[in-house]
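[1] Quick check, what structure comes out for this input:
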Amino acid sequence: QLTTEEEQTLMALSQAYLEWEKQTVRRGLEQGLEQGLEQERRSAIESLMKIRYGTIDDSLQSIIPKMLNLSSPDYTALLLRSSKSELIAHFSTSH
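    You can find the predicted model right below:
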């Protein structure tokens, strides 16, 4: 048999747990979405690099994280209009 005070405490703890669980699930979904979007952007950049330059060597691999900060139109235009050496130079000097 629970006292009124124990019941109130249990109800408050139950509500706090439910709120914590809801926030945890939401954060997990947001993180998963962010990771999925970043993975998709990385895949798009890598695909464009392979089409444009043939292979992705270490010098191209090293600039991919910097390219992830650009918008899709920006990295697409940059990849389509730049030679490999221009692309590497761009990220060596401006980013």
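[2] From here on, just use CA atoms for contacts and neighbour counts.
    Will do.
[3] Just name whatever secondary elements the helix ranked longest in the chain is in contact with.
    When the chain is parsed with DSSP state H, its longest helix is helix 4-53. Secondary-structure packing of helix 4-53 (3 or more Cα pairs under 8 Å, 6 or more residues apart in numbering; DSSP states H and E): helix 58-67, helix 72-81.
[4] low pLDDT regions in the protein?
    Applying pLDDT under 70 to the chain flags residues 94-95.
[5] returning to what we had before: can you lay out the helices and strands packed on helix 4-53 as CSV showing distance to Gln35 and mean neighbour count?
    Below are those laid out as CSV (distance: least, Cα to Cα, whole Å; neighbours: other Cα atoms under 10 Å):
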stretch, distance to Gln35, mean neighbour count
helix 58-67, 13, 14
helix 72-81, 16, 14
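[6] Which of these sits closest to Phe91?
    Phe91 lies closest, by Cα to Cα, to one member of the helices and strands packed on helix 4-53: helix 58-67, at 6.8 Å.
[7] who's in contact with that closest one?
    Arg42, Ile45, Glu46, Tyr75, Lys84, Ile88, Phe91, His95 (Cα atoms under 8 Å, 6 or more residues apart in numbering).
[8] Pull the most distant pair out of these.
    Farthest pair in the contacts of helix 58-67, by Cα to Cα: Glu46 and His95, 18.9 Å.
[9] who's more crowded, the two?
    When Glu46 and His95 are compared for neighbours, Glu46 comes out ahead with 17 against 9, by other Cα atoms under 10 Å.
[10] wouldn't that one be in contact with Ile56 here?
    Yes - here Glu46 reaches Ile56: they are 7.5 Å apart, a contact under Cα atoms under 8 Å.
[11] who wins for proximity to Leu2 among the helices and strands packed on helix 4-53?
    Ranking the helices and strands packed on helix 4-53 by proximity to Leu2 (Cα to Cα) places helix 58-67 first, at 57.1 Å.
[12] how many degrees apart are that closest one and helix 72-81 in direction?
    On the basis of axes from the mean of the first three to the mean of the last three Cα atoms, to 10 degrees, helix 58-67 is oriented at 160 degrees to helix 72-81.
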